[in-house]
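# Task: produce atomic coordinates for the following.
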Amino acid sequence: MAGRITLLDVVVLLAYLGGTTALGIWVGRRQRDAKDYFVASRAIPWWVVLFSVVATETSALTFIGAPSFSYIGDFGFLQIVAGYIVGRVVVAYTLLPRYYDGELVTAYAMLERRFGLATRRVASIVFMVTRGLADSVRIFATAIPIAIIVESVMPRRQAMPVAVLILGLLTVVYTYRGGMKAVVWTELLQAAIYVSGGVVAIVLIAHVAPGGWSAILDRASAAGKLRLIDPYIGIDRPNTLLAGVLGGAFLSMASHGADQLIVQRLLSARSLKDAQRAIIGSGFAVFAQFALFLVIGVGLWAVYAGRTFATPDEIFPTFILEHMPPGLLGLVLAAVVAATMSTHSGAINSLAASTTHDIYLPLTKRRADDPRTLRAGKLFALLWGIALTAGALMFREQGTPVVVVALSIASFTYGGLLGGFFLGILWKRAIQRDAILGMSVGIGVMAFIVFAKQIAQAVPALAELLGPLARVAWPWYVLIGTAITLAVGILSSYTHPAPARGAEHT
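Next comes the predicted model:
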C-alpha cells in the first residue's frame with residue numbers, strides 16, 4: 001500500500017546501501033600512496049569527474065530543499081544557477097591552470113607558493129570549519145524523510161539520530177577504505193539513482209494531480225509560479241537576476257575554485273583540458289537538475305493546493321510517503337540517501353586531504369609518498385567522518401530550508417577564501433601578511449553581517465538599528481566578502497615597500 005514502507009522498500013534500500021558500500025571498497029581496494037588515495041593518481045575520465053562534481057554539490061539538500069523553492073515561490077532560483085555556469089567558466093580559465101601547474105593535491109597549496117605556509121594553513125583551517133558545519137547540515141537533511149517514515153515506529157526525536165548514525169557510519173566505511181576512487185565511482189552510481197528518483201516523482205505527480213501536467217502548468221502559470229526572471233535591483237532579495245548572475249557566479253567561483261571539496265575532484269582528472277571540460281559541463285548539468293526539482297515543486301504545489309507544512313523540507317518527503325507505491329518508495333528513499341552519501345564521502349576525503357597535506361605534512365616534514373602519510377590520511381578520514389556525523393546529531397530542525405542554511409554557512413567564509421586567491425593572482429604587491437589580514441577581515445565582516453541578520457530575525461526591534469546589514473540576501477555574501485578581502489589586502493600592501501621578485505612570502 002502506498003504511503004507505508006514495505007518489505008520490498010526495505011530490500012531496495014538495503015540493496016542500495018550494501019551495493020554502494022561494496023562498490024566503494026572494491027574500486028578503491030588498491031591504494032599505493034597518499035596521492036592515489038586523495039586524487040586517484042589523476043586517472044579519472046573527465047565525464048566521471050563531471051558527474052562526481054554534480055553529485056557532490058547536490059546532496060539531499062537539493063533533493064529535499066529545491067522543490068520547496070518553487071512550492072513556496074517560483075522558478076527564480078534558476079537565476080542563481082545560471083550564475084553558477086558563469087562562475088565555473090571563470091574558474092576553468094583562471095584558477096584551474098594554476099592548480100595544474102605543479103603536482104598539487106589541495107587548492108591551498110597554491111596559496112603557499114604565492115604567499116607562504118601560514119596563508120595555506122589559515123585558508124585550509126577556514127575550509128575545514130566551513131565544510132564541517134555545512135556538511136553536518138547535509139547529513140541531517142537526509143534523516144528528515146527517513147524520520148517521517150519511521151515516526152509510526154518510534155518518536156521523531158529518536159528516529160532522527162538513528163538515521164543520521166546509519167548514514168554517517170556506512171559512508172565512513174567505504175570512504176575510509178577506498179579513497180578518492182571510491183568517492184568518484186560511487187558518486188556516478190548515486191547521481192543516476194537520485195535523478196531516476198526525480199523522474200519517478202514527475203511521473204507520479206502527473207497521476208496524482210487532477211488533469212496531469214497540462215493542468216498543473218496552467219494553474220501554476222496563472223498563479224505566477226513559472227516566473228523565471230526578477231529584474232529587481234537591490235541586495236535584500238535572493239532570487240533576482242542581479243543577485244543570481246553576480247552572486248551566483250561568485251558563489252560558484254568560490255565553491256568550485258577555492259573549496260577543496262570540488263577542487264580535489266578536478267585535480268583527479270587526467271589533464272587540465274579534461275578538468276576544464278568537467279567543470280563547465282557540470283554547470284549545465286546542475287542547471288538541468290535544478291530545473292527538474294523546481295518542476296517537482298510546482299507539481300507538489302498543485303497536489304497539495306499550496307498547503308502549509310511545519311517546515312519547507314517536509315513537503316517532498318511527505319509526498320514520497322503518501323504516494324509512492326511499494327518498491328518505488330524504496331527507490332526514492334535510496335535516491336535521498338544517495339544524494340547525501342555522495343556529498344558526505346567527498347567531504348570526508350577532502351577534509352582528510354587538507355588535514356594531511358596542509359597541516360600534517362608541513363609539521364612532520366614527511367614526503368607524500370611515505371607509507372606513513374597514507375596511514376595518517378586514512379586516520380584523518382575516519383576522524384572527520386565521525387566528527388561530521390556527530391555534528392549532524394547536534395543540528396536541530398527549523399523553518400528555513402536546509403539548502404539555504406548550508407549555503408549561508410559556506411557563503412560567509414567563501415568570500416575571504418576567494419578574495420585570498422584573487423589577491424594572489426591580481427595584486428603582485430601583496431605579501432603574506434596582506435593576504436592573511438584581508439581574509440581575516442573579509443570573513444570577520446561577513447560573519448558579523450550573517451550574525452546581524454540572525455539577530456534581526458530573532459529580535460525584530462533591533463532590525464531598524466542594524467539597518468541594511470540585516471537585509472543582505474545570502475547570494476551577495478561571497479561577492480561582498482571577496483570585495484572586502486581584496487580591498488583590505490590591497491590597502492595593506494601600501495603599508496610596506498613593494499616586495500622584490502620572489503619575496504612575497506614575508
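
# Hmm, Gly247 is touching Trp476, no?
Yes. If you go by CB atoms under 8 Å, Gly247 and Trp476 touch, sitting 5.1 Å apart. C-betas here are computed from N, CA, C, even on glycine.

# Torsion angles phi and psi at the nearest residue to Tyr360 once chain neighbours are set aside?
Distance criterion CB to CB, 6 or more residues apart in numbering; nearest residue to Tyr360, sequence neighbours excluded, is Ala376 at 5.6 Å. Backbone torsions of Ala376, given as degrees, to the nearest 10, read phi -60, psi -40.

# Any idea how many residues pack against Ala376?
19 (other CB atoms under 10 Å).

# And the most centrally placed residue in the chain, how far from Gly83?
Nearest to the mean C-alpha position of the chain, by CA atoms, centre = their mean, lies Glu57 at 4.1 Å. Look at Glu57 and Gly83: by CB to CB, to the nearest Å, they are 14 Å apart.

# Find out how far stretch 9-28 is from the centre of the chain, if you would.
Distance of stretch 9-28 from the chain centroid (CA atoms, centre = their mean, to the nearest Å) equals 23 Å.

# Which positions in it come out as buried?
Asp9, Val12, Leu13, Tyr16, Leu17, Thr20, Thr21, Leu23, Gly24, Ile25, Val27, Gly28 (16 or more other CB atoms under 10 Å).

# quick one: which of those residues sit in helices?
Asp9, Val12, Leu13, Tyr16, Leu17, Thr20, Thr21, Leu23, Gly24, Ile25, Val27 (DSSP state H).

# Now pLDDT and distance to Leu169 too, for the residues you listed, in TSV please.
Below are these laid out as TSV (pLDDT from 0 to 100; distance: CB to CB, whole Å):
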residue	pLDDT	distance to Leu169
Asp9	81	21
Val12	83	20
Leu13	79	16
Tyr16	80	16
Leu17	77	11
Thr20	79	13
Thr21	78	10
Leu23	79	17
Gly24	75	13
Ile25	77	14
Val27	75	20
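
# just curious, which of those is nearest to Phe293?
Tyr16 (20.0 Å; CB to CB).

# any idea how far the nearest residue to the closest one once chain neighbours are set aside is from Asp369?
Distances taken as CB to CB, 6+ apart place Ala334 nearest to Tyr16, at 3.9 Å, with adjacent residues excluded. For Ala334, the distance to Asp369 equals 38 Å [CB to CB].

# Compare neighbour counts for these two and give me the winner.
Between Ala334 and Asp369, Ala334 has the larger neighbour count (other CB under 10 Å), namely 25 against 12.

# follow-up on the earlier one: surely the residue nearest to Tyr360 meets Ile359?
No. Here Ala376 does not reach Ile359: they are 10.3 Å apart, not a contact under CB under 8 Å.

# if you count residues, which helix in this protein comes out on top?
With secondary structure taken from DSSP H, the chain has its longest helix at helix 156-208.

# could you say what helices and strands the helix or strand that that helix is followed by packs with?
Where DSSP states H and E defines the elements, the next helix or strand beyond helix 156-208 is helix 212-222. Under the contact criterion of 3 or more CB pairs under 8 Å, 6 or more residues apart in numbering; DSSP states H and E, helix 212-222 touches helix 156-208, helix 272-303.

# List of residues touching the helix or strand following helix 212-222?
As assigned by DSSP H and E, the chain's next helix or strand after helix 212-222 is helix 241-242. Helix 241-242 has contacts (CB atoms under 8 Å, 6 or more residues apart in numbering) with Gln79, Ile229, Asp230, Pro231, Tyr232, Ile233.

# contacting residues around the fifth one?
Applying CB under 8 Å, 6+ apart to Tyr232 gives the contacts Thr240, Leu241, Leu242.

# wait, the first one sits on Gly76?
It stands for Thr240. Yes. Counting by CB under 8 Å, Thr240 touches Gly76, with 7.3 Å between them.

# Go through the helix or strand encompassing Ala452 and flag the buried ones.
Take DSSP H and E as the rule and Ala452 turns out to sit in helix 432-458. For helix 432-458, the neighbour count (16+ other CB under 10 Å) marks 432-443, 445-446, 449-450, 452-453, 455-456 as buried.

# what's the average pLDDT for the longest helix of the chain?
In this model, helix 156-208 has a mean pLDDT of 80.

# That helix to helix 272-303, inter-axis angle?
80 degrees (axes from the mean of the first three to the mean of the last three CA atoms, to 10 degrees).

# Can you verify my assumption that Arg114 contacts Leu426?
No. Using CB under 8 Å, Arg114 makes no contact with Leu426, being 11.2 Å away.

# neighbour-wise, which of these two wins?
More neighbours surround Arg114 than the other of Arg114 and Leu426, with 22 against 12 (other CB under 10 Å).

# Now for the residue nearest to the more buried one when sequence neighbours are not counted: which residues touch it?
Distance criterion CB to CB, 6+ apart; nearest residue to Arg114, sequence neighbours excluded, is Gly424 at 3.9 Å. Counting by CB under 8 Å, 6+ apart, Gly424 makes contact with Met110, Leu111, Arg114, Phe115, Ala430, Ala435.

# before we move on, back to that, nearest to Trp46 among the buried residues of stretch 9-28?
Val27 (17.6 Å).

# Skipping its backbone neighbours, what lies nearest that closest one in space?
Leaving aside its chain neighbours, Val27 sits nearest to Trp185 (4.7 Å; criterion: CB to CB, 6+ apart).
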